[in-house]
Structures are given as structure tokens and as C-alpha cells.
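In: Quick one: sequence and predicted model below, then my questions.
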Number of protein chains: 2
Amino acid sequence: MYDVFQKYLDNKITLMPGEKEKIRSVAVLKKIRKRQFLLQEGDVWKYDAFITKGCVRTYSIDEKGVEHIIGFAIENWWTGDRESLLSAEPSRFNIDAIEDSELVLFTHTNFEMLCHEIPALNNMVLQILQRSFIAQQNRIQAALSFTAEEKYKQFLLKYADFALRIPQSMIASYLGITPETLSRIRKQTSKK
Amino acid sequence: MYDVFQKYLDNKITLMPGEKEKIRSVAVLKKIRKRQFLLQEGDVWKYDAFITKGCVRTYSIDEKGVEHIIGFAIENWWTGDRESLLSAEPSRFNIDAIEDSELVLFTHTNFEMLCHEIPALNNMVLQILQRSFIAQQNRIQAALSFTAEEKYKQFLLKYADFALRIPQSMIASYLGITPETLSRIRKQTSKK
DNA sequence: CGATTCTTTGAAAACAGTCAATCTGTGTGG
DNA sequence: CCACACAGATTGACTGTTTTCAAAGAATCG
């Protein structure tokens, strides 16, 4: 379980002797089953969470009870609610597992300590944040510029590696359309 | 002109003796007039840009020639295209001035050097990035969850300080609706 | 196999987009 | 200072897309 994370780290940064162990010593392993919550609306999120196996979704629920998926995350991705983490306010989001999943958790306090002591790690976090920022910007642009069909196509291209693991109703939610509309788009495009 | 930026810095971080001057020495002042480009699609963006006066917009143009506004920025905000900056690829965005504006520019190379030498500055950048990330996440959530009317209301609340400086057609573009639709929404809500 | 969840389909209603015309306000040149 | 031009905002009629609601059809899991 932890070895997936270790591999990820080795791939990204080179650590000084002893640092590997230091990181390892504050890591907490966690398994969650399909449909199980990692974070529930109203709770305060306090971790940095890395997925070693499985798939989770982050979503909000509007006043009509409809779910709106903000993002997905799979193996080798980080997840969590940065807003709640930094503000220490109750989260407006839910995170739950789409598949049985395994995670490596760090309490944010521990993780900050690690980042402070290990510049390479701190730098890695900055890189990830930058990349997430860019990805979000592109998603906003897509939402503004593309039709539902184009957004779906782009989604399949961009997330080809795990698009098939996700129920269509959830993809629809992510794209901001109803499951019925997505079903019709698929029918349309399969004709061609 | 530069004093606006200096004030901003003083407000955010405390600098060691000499650091102020070091920052100042690599800053470049720039004025742009209304409608003038700061960045044009196809060019590579190489700066970190701080606005001391005025207002700019970042937008893309789709294949039909329609503009889609990704974001606005005013005094005391940063602007630019992080994607182009980090990838060194030509930008897909345009940035131009909505009002006559004044900026403090740093070439990214210089700015990185400064961040490397001044940990407090580096930390500030991280904070800004985190906050931008959260703001974008909230925008995505709003786009998914809210009706056009709700999005407009939220925009007015959130950006009350400069919403009036921006033409309605641009607000419509930002919200992902046509100017006509926004006009009708305004008519509706003013009735109540 | 039965139960539950997910997907598809249909028809009607709601909504936003398009196109074209008019109105309004601002700023410029005569 | 006026008149005109121009850009932005509004309005109306029409079209097209998406949602909604309801029901039937697959697929999945214990």
C-alpha cells in the first residue's frame, strides 16, 4: 500500500538519507469502501491525502438535493478540500469512494512540518498546486467555450485512463448536464 | 506607481534590509491604455505582473470568434498566464485593458530568483496560489450548481467593488451567458 | 434469481441562444 | 456647443437545446 506512494515520491524528488523514514513515520494508511465517505459536508478537513488505489469524487449538494461533482481523483492523485483545510471552516463538499480505495493520509500539521524540513517536498507541493491551478483554469475555459458534446469528448480524451471506471451519471454531473442529456449526446455521436 | 506595489508588499510580508531595494531594482513599470493588449494569443507569457491601477481581462476566442472571459483583475491583483509561463508554450489567451492601467512587471526569471533569495516572498506566492486555487474551485462549483440569475447575483456580491467598472457584455461572457440573456435577467430581478 | 441502481427513451415544458431592430449614453470632430 | 457616430444595452420574435417527469430497459451485486 505505502509502496505506491513511495514510488511516486522517488519519481518526483530525491530525498536525503533519513527523510524517507521521516515521511513514512507520520503517514497513516486508510482503506475506504465504495460509497464510504472520506469527508462529509460540515466536517473540517485536516489532511493531505494521497490515493494509492481506487477512485474518489468531490461534490457538493445543492438545496434541491442534486449532487454536483467538482472533481475526481484516482491512484497517484491527491485529494481533499483545500478551502476547509486552510480556513479551518466546515467543508461545503463531500468526498466519497467510487471504488474500494486505499489512501495515505498526513495530518496537515505533520505535512507542513515535513515541507518545512524538506525543501524538495515543499517544492513538489508547489508544482502540484500550479498544475492543479492550470487544470482548473482549463476546465473553466472549457465550461465557457464548449458545447455539452465537446466537453464530453474532451473529457474522454483527457481522462481516457479512468473515464470508463466512472458511472455516466457522475460524468454528467461533472460536466454540468443531466444524465439524460449525456445519454442523448452519446447516442448522437455513436451514430456518426 | 511603484508605491502601490510597495504598500502591498509591506502589508503582506516583512523584508530584511536591502531586500526591498533588490525587488525594486528588477521591477519594470508599464502603462497600457484601454483596449491595449498585455498578452496576445500565440505569444509566450514570461512575466509576473502586478496591477497598480486599472482593470484587465483574460479571455480566449473560440472558433466562431466569440470571446470567453476567464477572469478579471484590478489594482492589487496579479495577472498573467501561468500555463504559458510554466510550459513556455504560446498562450491560448488574450489579456487586455478594460481601463487605462498601470502595472509592475517582473520577468519570471527575475521573480524566481527573488523568491529563491527571499523566503517570505516565496511564501507569499504560495499563499496567493492557494487562494486562487480555492477561488477557481468555487467558481467551478457555482457554474455547476447555480442558475444564470444566481451566478449573476453572486458575482455582484463577490465583486461589488469593481462590478460597476465592467461592461455588462463582459460580465455576461464571464458568466457564460449572452449579453441578451443577462439583460433579461436584470430586467426580471429589478421588477421584484 | 431478485433487488437495486444505472441508463435509455419519449413527450412536453422551460430556458437560453440567435438575429435584427431600437434605444441610450458617451465621446469626438466640426 | 451641437450633431453625429459609435458602442453598449435592451427588446421582440423565433429557433434550438436542455431539463423535467415518467416509464421502460439494461446491468450489477449480493
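Out: That came through fine. What you are looking at is a predicted structure, and each value in this text was computed from that prediction instead of being measured. Residues are numbered from 1 along each chain as shown, chains lettered A, B, ... in the order given.
In: partner residues bridging the most centrally placed residue in chain A?
Out: Nearest to the mean C-alpha position of chain A, counting by Cα atoms, centre = their mean, stands A:Ala73 at 3.2 Å. Counting by DSSP bridges, A:Ala73 is bridged to A:Val56.
In: Give the buried residues for the top helix by length along chain A.
Out: If you go by DSSP state H, chain A has its longest helix at helix A:119-145. By neighbour count on 16 or more other Cβ atoms under 10 Å in any protein chain shown, the buried set for helix A:119-145 is A:121-122, A:124-126, A:129-130, A:132-134, A:136-137, A:139-145. (C-beta placed from N, C-alpha, C; glycine too.)
In: If we check chain B, which of these are in contact?
Out: Applying Cβ under 8 Å from any Cβ of the partner chain to the buried residues of helix A:119-145, one finds that A:126, A:129-130, A:132-134, A:136-137, A:139-141, A:143-145 fall near chain B.
In: would you turn those into JSON lines with pLDDT and distance to A:Leu29?
Out: Output for those, formatted as JSON lines (pLDDT from 0 to 100; distance: Cβ to Cβ, whole Å):
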{"residue": "A:Leu126", "pLDDT": "94", "distance to A:Leu29": "26"}
{"residue": "A:Leu129", "pLDDT": "96", "distance to A:Leu29": "24"}
{"residue": "A:Gln130", "pLDDT": "96", "distance to A:Leu29": "28"}
{"residue": "A:Ser132", "pLDDT": "97", "distance to A:Leu29": "24"}
{"residue": "A:Phe133", "pLDDT": "97", "distance to A:Leu29": "29"}
{"residue": "A:Ile134", "pLDDT": "97", "distance to A:Leu29": "30"}
{"residue": "A:Gln136", "pLDDT": "96", "distance to A:Leu29": "29"}
{"residue": "A:Gln137", "pLDDT": "96", "distance to A:Leu29": "33"}
{"residue": "A:Arg139", "pLDDT": "95", "distance to A:Leu29": "31"}
{"residue": "A:Ile140", "pLDDT": "96", "distance to A:Leu29": "35"}
{"residue": "A:Gln141", "pLDDT": "95", "distance to A:Leu29": "37"}
{"residue": "A:Ala143", "pLDDT": "94", "distance to A:Leu29": "36"}
{"residue": "A:Leu144", "pLDDT": "93", "distance to A:Leu29": "40"}
{"residue": "A:Ser145", "pLDDT": "93", "distance to A:Leu29": "42"}
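In: Mind putting the residues you listed into CSV with distance to A:Glu21?
Out: Output for those, formatted as CSV (distance: Cβ to Cβ, whole Å):
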residue, distance to A:Glu21
A:Leu126, 24
A:Leu129, 26
A:Gln130, 28
A:Ser132, 28
A:Phe133, 32
A:Ile134, 33
A:Gln136, 34
A:Gln137, 37
A:Arg139, 38
A:Ile140, 41
A:Gln141, 43
A:Ala143, 44
A:Leu144, 47
A:Ser145, 48
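In: Go through these and say which is closest to A:Arg33.
Out: Comparing those against A:Arg33 with Cβ to Cβ places A:Ser132 closest, at 26.7 Å.
In: returning to that earlier point: among the ones next to chain B among the buried residues of helix A:119-145, which one sits closest to DNA strand C?
Out: Nearest to DNA strand C, judged by Cβ to the nearest atom of the strand, of those is A:Leu144 at 9.8 Å.
In: B:Gly176 is in contact with that closest one, correct?
Out: Yes: with contact defined as Cβ atoms under 8 Å, A:Leu144 reaches B:Gly176; the gap is 4.7 Å.
In: quick one: common contacting residues for those two?
Out: Common contacts of A:Leu144 and B:Gly176 (Cβ atoms under 8 Å, 6 or more residues apart in numbering or on different chains): B:His68.
In: Flag every residue of chain A that's near DNA strand C.
Out: A:167-170, A:179-180, A:182-184, A:186-187 (Cβ under 7 Å from any atom of the strand).
In: Buried ones among those?
Out: A:170, A:182.
In: what's the closest of the residues of chain A next to DNA strand C to B:Ala160?
Out: Nearest to B:Ala160 among those, counting by Cβ to Cβ, is A:Met170 at 35.2 Å.
In: Helix or strand: which one has the closest one?
Out: Assignment of secondary structure by DSSP states H and E places A:Met170 within helix A:168-175.
In: which is the next helix or strand following that helix?
Out: Immediately after helix A:168-175, counting by DSSP H and E, sits helix A:179-191.
In: Pull the residues that contact that next one.
Out: A:148-149, A:152-153, A:168-169, A:171-173, A:175, A:177.
In: and chain A, which of its residues are near chain B?
Out: A:60, A:62, A:66, A:68-70, A:82-83, A:86, A:92, A:126, A:129-130, A:132-134, A:136-141, A:143-145, A:173, A:176.
In: re the thing from before, show me what the helix holding A:Met170 packs onto, helices and strands only.
Out: strand A:67-74, helix A:148-158, helix A:179-191 (3 or more Cβ pairs under 8 Å, 6 or more residues apart in numbering or on different chains; DSSP states H and E).
In: and the angle from the shortest one to helix A:168-175?
Out: Per axes from the mean of the first three to the mean of the last three Cα atoms, to 10 degrees, the angle that strand A:67-74 makes with helix A:168-175 is 100 degrees.
In: Run through the neighbouring helices and strands of strand A:67-74.
Out: strand A:55-61, helix A:168-175, helix B:119-145.
In: Please apply the same query to the second one.
Out: Taking 3+ Cβ pairs under 8 Å, 6+ apart as contact, the helices and strands that helix A:148-158 lies on are helix A:119-145, helix A:168-175, helix A:179-191.
In: Send me that helix as PDB with only the CA atoms.
Out: The C-alpha trace of helix A:148-158 is given here as PDB (Å, rounded to 0.1, in the frame of the first residue of the first chain):
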ATOM      1  CA  ALA A 148     -22.000  19.800 -23.900                       C
ATOM      2  CA  GLU A 149     -20.900  17.400 -26.700                       C
ATOM      3  CA  GLU A 150     -17.500  19.000 -27.000                       C
ATOM      4  CA  LYS A 151     -17.000  19.000 -23.200                       C
ATOM      5  CA  TYR A 152     -17.800  15.300 -23.100                       C
ATOM      6  CA  LYS A 153     -15.400  14.500 -25.900                       C
ATOM      7  CA  GLN A 154     -12.700  16.500 -24.200                       C
ATOM      8  CA  PHE A 155     -13.400  14.600 -21.000                       C
ATOM      9  CA  LEU A 156     -13.000  11.300 -22.700                       C
ATOM     10  CA  LEU A 157      -9.700  12.300 -24.300                       C
ATOM     11  CA  LYS A 158      -8.300  13.900 -21.200                       C
END
